[in-house]
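K.L.:
Structure for the following, please:
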Amino acid sequence: MVPKTVHDDLQLKYSQLHTECDNLREDINKLKTENEQLKEMLGTAQFSFASLKCKAAQVLFFTGLTSALFNWVLQTVKGSVEVIRGSLTLEDHLLAVLMKLRLGLTNKDIAFRFNVNECDISKILRSWLPIMSQILKPLIKWPSKHAILKNMPKCFKPKYQRCRCIIDCTEIFINRPTNLTARAQTYSNYKSHNTVKYLVGMSPAGAITFLSAGWGGRVSDKQLTAESGFYDLLQVNDEILADRGFTIRDELALRGATLRIPHFTKGKKQLSAQEVETSRRLSNVRIHIERIIGRWKTFRILTTVIPLSQVDLLDDIVIVCAALTNICKCIVPRK
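P.N.:
Below you'll find the model as predicted:
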């Protein structure tokens, strides 16, 4: 038989070991919980759409869209696009594209944020932008006369009720081409830089309704308007508002349309009081085309200097930015 003292000692040691075992199990469970929490924190610390989606202000800053509009764009394009980089979700692909457009970041910067290769970002942009352009282009729609009249803002009604469109040209900087012909064709005397020029049309209600293909910055406003296909959209009694650079009165008259531009002082010492008042009223409504172009260019890629390697994507870029501008809040007050 085991002596009682030995038995008691063994019993005490067993009890102590059992307690230590329970404590170790509790410590292990705590460590597992902490490990899961750290993994979750690490996941949210990595830059991704998952780390942004609950922060509406951050989504708006990085994409220029509200969370609801971001999800709408994703649902609209997701059936036509593909995952280029497996470590990124479909949401991350769209986020990368919109960050490129909204913030004008370099591919290297975006790649660093997502912890991928720079070539992966380039592949995503080259795959997604043409598809997004094709799918979203119907948002840039030439409205019927009935739609124009139905949505005519109050500020247009007294004097410009027949206004169909306000037009203006805008230029986007590009790097200087190495080809001498391309360099000459894209050099803009107005900007003193190589540019690509676009004709932009806006409805009185504040939507971009026309966007030409890109032309070399050397082209005149008159030639660009003639070559863009804009005249084919016009109907009799349409009224087009523009600035003084658009010397297209005769071309519009051939289609039964009217040009309204501010009065010139050329050949006069000064404008009459009536001409000054007419020009002032016209400027008050024509200013909206400059505001819509300003809103369009909040997608900062349009204010950067586009590398020659990305100029072939520029038409797709401007279409996507214009379409996204149209689904954001209107800049023209209805009343």
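
K.L.:
where along the stretch 101-250 of the chain do the helices fall?
P.N.:
107-114, 118-136, 145-150, 180-186, 221-227, 249-253 (DSSP state H, counting those that start in this stretch).

K.L.:
Any chance of the ones you listed in CSV with distance to residue 213, mean pLDDT and mean neighbour count as columns?
P.N.:
Bear in mind the C-beta positions are built from the backbone N, C-alpha and C, glycine included. Output for these, formatted as CSV (distance: least, CB to CB, whole Å; pLDDT from 0 to 100; neighbours: other CB atoms under 10 Å):
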stretch, distance to residue 213, mean pLDDT, mean neighbour count
helix 107-114, 25, 92, 18
helix 118-136, 12, 95, 19
helix 145-150, 24, 89, 13
helix 180-186, 14, 93, 14
helix 221-227, 9, 92, 16
helix 249-253, 19, 90, 14
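
K.L.:
got TSV for these, with distance to residue 13 too?
P.N.:
Converted to TSV, the helices of the stretch 101-250 of the chain look like this (distance: least, CB to CB, whole Å):
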stretch	distance to residue 13
helix 107-114	57
helix 118-136	61
helix 145-150	90
helix 180-186	89
helix 221-227	94
helix 249-253	104
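
K.L.:
To residue 211, which of those helices lies closest?
P.N.:
Nearest to residue 211 among these is helix 118-136; the distance by CB to CB comes to 10.8 Å.

K.L.:
A helix includes residue 33, no?
P.N.:
Yes: Residue 33 sits within a helix when classified using DSSP: H, G, I helix; E, B strand; the rest coil.

K.L.:
Of all the helices of the stretch 101-250 of the chain, which one is nearest residue 327?
P.N.:
Per CB to CB, nearest to residue 327 of these: helix 118-136, 8.7 Å.

K.L.:
and that closest one, what does it pack onto?
P.N.:
helix 67-77, helix 90-103, helix 107-114, helix 314-326 (3 or more CB pairs under 8 Å, 6 or more residues apart in numbering; DSSP states H and E).

K.L.:
Just send the ones you listed back as TSV, with distance to residue 126 too.
P.N.:
Shown next, in TSV, are the helices and strands packed on helix 118-136 (distance: least, CB to CB, whole Å):
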stretch	distance to residue 126
helix 67-77	15
helix 90-103	10
helix 107-114	11
helix 314-326	10
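
K.L.:
quick one, which of those helices is nearest to residue 297?
P.N.:
Across those, residue 297 has its closest neighbour in helix 314-326 (8.1 Å, CB to CB).

K.L.:
I'd like to know which elements the closest one is packed against.
P.N.:
Short answer (3+ CB pairs under 8 Å, 6+ apart): helix 314-326 packs on helix 90-103, helix 118-136, strand 193-202, strand 208-211, helix 273-296.

K.L.:
starting at the chain centroid, how far to the second one?
P.N.:
Offset of helix 118-136 from its chain centre (CA atoms, centre = their mean, to the nearest Å): 13 Å.

K.L.:
between it and helix 314-326, how many degrees?
P.N.:
Angle of helix 118-136 versus helix 314-326, following axes from the mean of the first three to the mean of the last three CA atoms, to 10 degrees, is 60 degrees.

K.L.:
what residues does helix 118-136 touch?
P.N.:
By CB atoms under 8 Å, 6 or more residues apart in numbering, the surrounding residues in contact with helix 118-136 are 73, 76-77, 80-82, 84-85, 88, 93-94, 96-97, 100, 107-108, 110-111, 114, 310, 313, 315-317, 319-320, 323-324.

K.L.:
quick revisit: nearest to residue 290 among the helices of the stretch 101-250 of the chain would be which one?
P.N.:
Nearest of the helices of the stretch 101-250 of the chain (CB to CB): helix 221-227, 14.7 Å.

K.L.:
That closest one: how far from the chain's middle?
P.N.:
25 Å.

K.L.:
what ranges of this protein fall below the confidence cut-off?
P.N.:
Low-confidence segments of the chain (pLDDT under 70): 1-2, 4, 6-10, 38-45, 263-272, 275, 333-335.

K.L.:
mind checking which of the helices of the stretch 101-250 of the chain is nearest residue 239?
P.N.:
Taking the helices of the stretch 101-250 of the chain one by one with CB to CB, helix 249-253 is closest: 9.1 Å.

K.L.:
elements contacting that closest one?
P.N.:
Looks like helix 249-253 contacts strand 258-260 (3+ CB pairs under 8 Å, 6+ apart).
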